[in-house]
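**Student:** next one to model:
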Amino acid sequence: LTCSGLINHATRHWQRESGESGTDARFLWAAAWRELRYLAPLLLILAVAVALVQRDWHWLWVWPCLVLSNLALALSGIATGALNADRSLWKVFFLTLIGNAARILLPIGLALGIGMTFLNLSAGFTLHGFLVVACLLFLFRGAAAAPMPSTEKQMEWRQELKDYGRPFMWLGIGNWLLQSADPWVVEHFFGERETGFFTYASGIGAIVPTLVVGGLM
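**Tutor:** As a prediction, this is how the structure comes out:
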């Protein structure tokens, strides 16, 4: 929702700015972190709402975990779009493999090893976020030596984000609704416990197709 415009900006303009790819990467990195001013309050509102409805205050304790893991997913989407546009196919494969496998295996592994609790699952997703950010810092390590974009360039890119990127907020909303539809249907007919099994089974089942798609890309 908050970074869909940045993802599409990276996919659309990365090749155009190939002569300044390091500068562009620094702009995208800084812009993604600035999106926390929208992402963090939005997640806090949702966490408070769920905590009040379910009378479970764990949702407030794991709010920082939610922020980090969602930011990591957004950064991964931005990087994947840029690497795809750059035709860095093996880097896309590496990032997709590590990110998707870690997102499934780390929460389950931590919960099975320490205890099947909500906090442990959330800690697993947070570790996934750290791992994704570490992978991105490694893949784009050359950008550290690039200069920051000039004020004029930043204004140009930000204007492009407003003109082209912001409408993709609606795409983010639609994507979230589509991803959530199946669990909502399962919960309505079968209950919360079965929905949890269904969601994790879907995630595990998606690993092999994701690997195949990553290889084809």
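**Student:** where does the protein dip in pLDDT?
**Tutor:** 1, 18-19, 165, 214, 217 (pLDDT under 70).
**Student:** most centrally placed residue in it?
**Tutor:** Leu73 (1.2 Å; CA atoms, centre = their mean).
**Student:** so what's it up against?
**Tutor:** Gly129, Val132 (CB atoms under 8 Å, 6 or more residues apart in numbering). (C-beta placed from N, C-alpha, C; glycine too.)
**Student:** you'd agree Ser122 is up against Cys65?
**Tutor:** Yes. The pair formed by Ser122 and Cys65 meets the contact definition of CB atoms under 8 Å, at 4.3 Å.
**Student:** between the two, which is the more surrounded one?
**Tutor:** Ser122 (23 against 19; other CB atoms under 10 Å).
**Student:** contacts only, for that one.
**Tutor:** Contacts of Ser122 by CB under 8 Å, 6+ apart are Val62, Cys65, Leu66, Pro107.
**Student:** can you tell me how far the residue lying closest to the first one once chain neighbours are set aside sits from Val92?
**Tutor:** When you say that, I think you mean Val62. The spatially closest residue to Val62, leaving aside those adjacent along the chain, is Ser122, at 4.0 Å (CB to CB, 6 or more residues apart in numbering). In this view, Ser122 and Val92 are 28 Å apart by CB to CB, to the nearest Å.
**Student:** for Leu137, grab the count of nearby residues.
**Tutor:** 12.
**Student:** give the next helix or strand downstream of whichever helix or strand Arg37 is part of.
**Tutor:** Per DSSP states H and E, Arg37 falls inside helix 36-54. Next helix or strand after helix 36-54 toward the C-terminus (DSSP H and E): helix 58-61.
**Student:** buried stuff in that following helix?
**Tutor:** By neighbour count on 16 or more other CB atoms under 10 Å, the buried set for helix 58-61 is Trp59.
**Student:** run through the neighbouring helices and strands of that helix.
**Tutor:** Applying 3 or more CB pairs under 8 Å, 6 or more residues apart in numbering; DSSP states H and E, one finds that helix 58-61 contacts helix 36-54, helix 118-139.
**Student:** please identify which of these is closest to Gly22.
**Tutor:** Proximity of the helices and strands packed on helix 58-61 to Gly22 was assessed by CB to CB; the nearest stretch is helix 118-139, lying at 12.4 Å.
**Student:** for the closest one, buried residues please.
**Tutor:** 120-129, 131-132, 135-136, 139.
**Student:** so which of the helices and strands packed on helix 58-61 gets nearest Asn84?
**Tutor:** helix 118-139 (12.7 Å).
**Student:** and the gap between the most far-flung residue of the chain relative to its centre and Phe198?
**Tutor:** The outermost residue of the chain relative to its centre, with distances by CA atoms, centre = their mean, is Phe189 at 29.5 Å. As judged by CB to CB, Phe189 and Phe198 stand 11 Å apart.
**Student:** show the contacting residues for Ala123.
**Tutor:** Cys65, Pro107, Leu110.
**Student:** can you lay out those residues as TSV showing distance to Arg37 and secondary structure?
**Tutor:** Formatted as TSV, these follow (distance: CB to CB, whole Å; DSSP: H, G, I helix; E, B strand; the rest coil):
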residue	distance to Arg37	secondary structure
Cys65	19	helix
Pro107	27	helix
Leu110	30	helix
